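*Asks:* Kindly generate the corresponding structure for this input.
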Amino acid sequence: MALTHAQVVTKVVTEGAIATIAGTVKGQLGIKPVVLTDAQRAEVGMPQSGKTLFYPVKGDMDGVFCEVDGSTTMLWFNGADCDKAIGMLDQALKRMYPTAKQVKDEPNKVDANFRARSYDVSLGDGRMAIVETHYPANKNAHKFMVSVIAMHRKN
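*Replies:* Numbers count the residues shown, from 1 in each chain. Below you'll find the predicted structure:
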């Protein structure tokens, strides 16, 4: 059964990015990304620097994009089931990481069509993940974005 956009984002965030920070990755995700070429990056209006992974969902350039830059992993997609992504991610975070604590949920300061929600996920041994989302606040918003930032606390 094919995964939806929101399911792909949730899986990559919880079983990929956060599990990598925690050091608890178990095998592979079962979904394989494609590394985008410069031409493909240009086609979707992205800058010609960095490395972008793409998880196809419904075909050519319809799926979930992923950029990894240092300690930050950012994922996003347009349209599809973007209105369901925040609920799906919220449930998965709370189920898989009981220490996950929602820190804020407020109007996006840049675009009123979106809301911003963030979580702190304590992973033990001083490791922590900050999960920041931007999700639709109304029917005029057609994008979902999430960033996972690896942190280390010294106690």
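*Asks:* for the longest helix along the chain, the distance to its chain's centre please.
*Replies:* The longest helix of the chain (DSSP state H) is helix 82-96. Counting by Cα atoms, centre = their mean, to the nearest Å, helix 82-96 is centred 11 Å from the centre of its parent chain.
*Asks:* packing partners for it?
*Replies:* Here helix 82-96 touches helix 5-11, strand 114-124, strand 127-136, strand 143-152, going by 3 or more Cβ pairs under 8 Å, 6 or more residues apart in numbering; DSSP states H and E. The C-beta positions use only the backbone N, C-alpha and C, and glycine is treated the same way.
*Asks:* And stretch 116-130, end to end?
*Replies:* 13 Å (Cα to Cα, to the nearest Å).
*Asks:* List of residues touching that stretch?
*Replies:* The contact list for stretch 116-130 (Cβ atoms under 8 Å, 6 or more residues apart in numbering) reads 17-18, 21-23, 86, 90, 93, 97, 99-109, 131-135, 147-155.
*Asks:* at 7 Å what do you get?
*Replies:* Identification of contacts with stretch 116-130 by Cβ atoms under 7 Å, 6 or more residues apart in numbering yields 18, 21-22, 86, 93, 97, 99-106, 108, 131-135, 148-155.
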